[in-house]
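**Student:** Provide a 3D model corresponding to the input given below.
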Amino acid sequence: MPHTHSPISTDRRTWIRSCAATIGAAALANLPLEQRAKAQVATEPTQGKDPSWIDAHVHVWPAVDQAYPLAPGFQADVVQPASFTPDTLFQHCRPCGVERIVLIQMNFFGFDNRYMLDAIAKYPGVFSGVAVIDHERPDLRRTMSTMRDQGVRGYRLYATADNVAKWQSSPSIQSMFRYGADLGQSMCMLSDPEALEGIERLCERNPQTSVVIDHFSRIGMRTPPTDDQLDLLCKLAKSPRVSVKTSAFYALGKKTPPYTDLLPMIRRLLDAFGPDRLMWASDCPYQVEAPHTYDASIALIRDHLDNVSDGDREYLLRKTAERVFFS
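**Tutor:** So this is what the prediction gives:
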């Protein structure tokens, strides 16, 4: 009769797993921070896992070289830090449970989205993209369609008050909004509070187009937020396809971790938009410049936002960004 091992009880298996996890955690804790992050990334497979959290706003770029040149008018000294690659990003985000990321094209590459698109292709299923394109190009729809096939789910628009005023009568911008609605791509507004009334008119004119407001419309970035500014942002909630990123905490309010001074503004937006139209984002690499950290950013929503259900928190940390940028 063949020899067989005695079955291990469920309780004993649980105890063994617990011991292994404790020993592994202790070993990691003794490593320097950078080595610990790399070890965690290397030992935590992403395939087949729960999708975990999504960071809805990150910039990546390589060291300046001939392969990815800067756009005309930009010099290398504007690129700070000198590089921030996907591998560097993973060291910050994966230990915090963030598995998917929305990449935002950097302005110093102009309309050359190749580095972002190359990153999307290199890591299938990990990245979605927000590109910058010339809305006046004659092949606009074909370009947007091709970019959708490459993983682009939105376009960054620099929504100053002057630009938004011009867009009201711009046939090419109206076409871009219309094509975005057809192709399932969002118009992502890096806006100032002064532009919100004009954005409201654009949304009313294009009710089928998804619009995303970055960084609370930068309310509280230069001066303390006011009720009037928040009223203008909250008025956009009447357009059902508008979402807002609760992001860039390092640059808003007191600009100091743990950023709890921003919680009243987040709760105000929750009341107006609901959790299914808000999404958290870090705005790396700027969020990881000392004294700021990646964990401090996600912790504001994960740990400090009280009186919301776990289901609502999942919308802020995953489900809204998943619907807008990964569908």
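**Student:** show me where the stretch 201-327 of the chain has its strands.
**Tutor:** Per DSSP state E, counting those that start in this stretch, the stretch 201-327 of the chain carries strands over the ranges 211-213, 242-247, 278-281.
**Student:** go ahead and name everything in contact with the longest one.
**Tutor:** For strand 242-247, the external contacting residues (C-beta atoms under 8 Å, 6 or more residues apart in numbering) are 56-57, 186, 203, 210-217, 233, 236, 262, 266, 269, 273, 277-283, 301, 316, 320, 324. (Glycine included, C-beta is placed from N, CA and C.)
**Student:** chain center to that strand, what's the gap?
**Tutor:** 9 Å (C-alpha atoms, centre = their mean, to the nearest Å).
**Student:** note down every partner strand of that strand and its orientation.
**Tutor:** Strand pairing for strand 242-247, determined by DSSP bridges: strand 211-213 (parallel), strand 278-281 (parallel).
**Student:** among the contacts of strand 242-247, which ones are buried?
**Tutor:** Neighbour counting by 16 or more other C-beta atoms under 10 Å classes 56-57, 186, 203, 210-217, 233, 236, 262, 266, 269, 273, 277-283, 301, 316, 320, 324 among those as buried.
**Student:** where exactly do the helices run in the protein?
**Tutor:** With DSSP state H, the ranges of helices along the chain come out as 10-29, 33-43, 86-93, 114-122, 140-149, 161-167, 171-183, 196-205, 227-235, 263-273, 294-302, 310-314, 320-325.
**Student:** return the most buried member of those helices.
**Tutor:** helix 320-325 (a mean of 23; mean count of other C-beta atoms under 10 Å).
**Student:** I'd like the average pLDDT over it.
**Tutor:** In this model, helix 320-325 carries a mean pLDDT of 98.
**Student:** dump it to PDB, restricted to CA.
**Tutor:** C-alpha atoms of helix 320-325 as PDB (Å, rounded to 0.1, in the frame of the first residue of the first chain):
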ATOM      1  CA  THR A 320     -15.600  55.200 -11.300                       C
ATOM      2  CA  ALA A 321     -12.200  55.200 -12.900                       C
ATOM      3  CA  GLU A 322     -12.800  51.700 -14.200                       C
ATOM      4  CA  ARG A 323     -16.000  52.800 -15.900                       C
ATOM      5  CA  VAL A 324     -14.600  56.000 -17.400                       C
ATOM      6  CA  PHE A 325     -11.100  54.800 -18.400                       C
END
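**Student:** can you tell me what sits against it?
**Tutor:** By C-beta under 8 Å, 6+ apart, helix 320-325 touches 51, 54-56, 100, 102, 128, 130, 153-154, 186, 210, 212, 243, 275-281.
**Student:** again, only this time at 10 Å
**Tutor:** 51, 53-57, 100-103, 127-130, 151-154, 184-186, 188, 210, 212, 241, 243-245, 273-281, 314-315 (C-beta atoms under 10 Å, 6 or more residues apart in numbering).
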